[in-house]
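Chemist: What would the 3D arrangement of this be:
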Amino acid sequence: MSEEIKVDDTVDVTDVKCPTTFVKAKVAIEELDEGQILAIRLNDGEPVQNVPRSLKEEGHEILKLNDNQDGTFTLFVKKVGD
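Modeler: I've put the predicted structure just below:
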C-alpha cells in the first residue's frame, strides 16, 4: 500500500499549452507555504516532460507522478523555500 499524499492545493493545466502550463503551475506553487504540496493535472507529452523538470530546477521536490490512464497525469510537488 502506498502512503497517501496530503495535498494542500490542486491546479489543472490541461486546458493550456506550454509554456503556460509551467507558468500556471509556478503561480500556484508560489501561493503555497514551504512544505505544502501541490497536485498538478497535466496532459501527456510536452507538459509532463517539461513541468516536472522546470519545477525541479526551481528547487521544488517532485514527489510522485501518477498516470491517470486518460491521457493526463497528476504531478505531486512539495514546495521548497520561500
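Chemist: Do a quick rundown of the strands in the chain.
Modeler: 9-12, 37-43, 61-67, 72-78 (DSSP state E).
Chemist: Next, format these as TSV and append mean neighbour count and mean pLDDT.
Modeler: (C-beta placed from N, C-alpha, C; glycine too.) Formatted as TSV, these follow (neighbours: other CB atoms under 10 Å; pLDDT from 0 to 100):
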stretch	mean neighbour count	mean pLDDT
strand 9-12	15	97
strand 37-43	21	98
strand 61-67	13	97
strand 72-78	20	98
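Chemist: As CSV, those with distance to residue 26 would be great.
Modeler: CSV is the format used below for the strands of the chain (distance: least, CB to CB, whole Å):
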stretch, distance to residue 26
strand 9-12, 10
strand 37-43, 10
strand 61-67, 14
strand 72-78, 10
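Chemist: quick one: which of those is nearest residue 50?
Modeler: Nearest to residue 50 among the strands of the chain is strand 37-43; the distance by CB to CB comes to 9.1 Å.
Chemist: What residue, apart from its backbone neighbours, is nearest the residue nearest to the spatial centre of the chain spatially?
Modeler: The residue lying closest to the centre of the chain (CA atoms, centre = their mean) is residue 40, at 3.7 Å. Excluding the flanking residues, the one nearest residue 40 by CB to CB, 6 or more residues apart in numbering is residue 75, at 4.5 Å.
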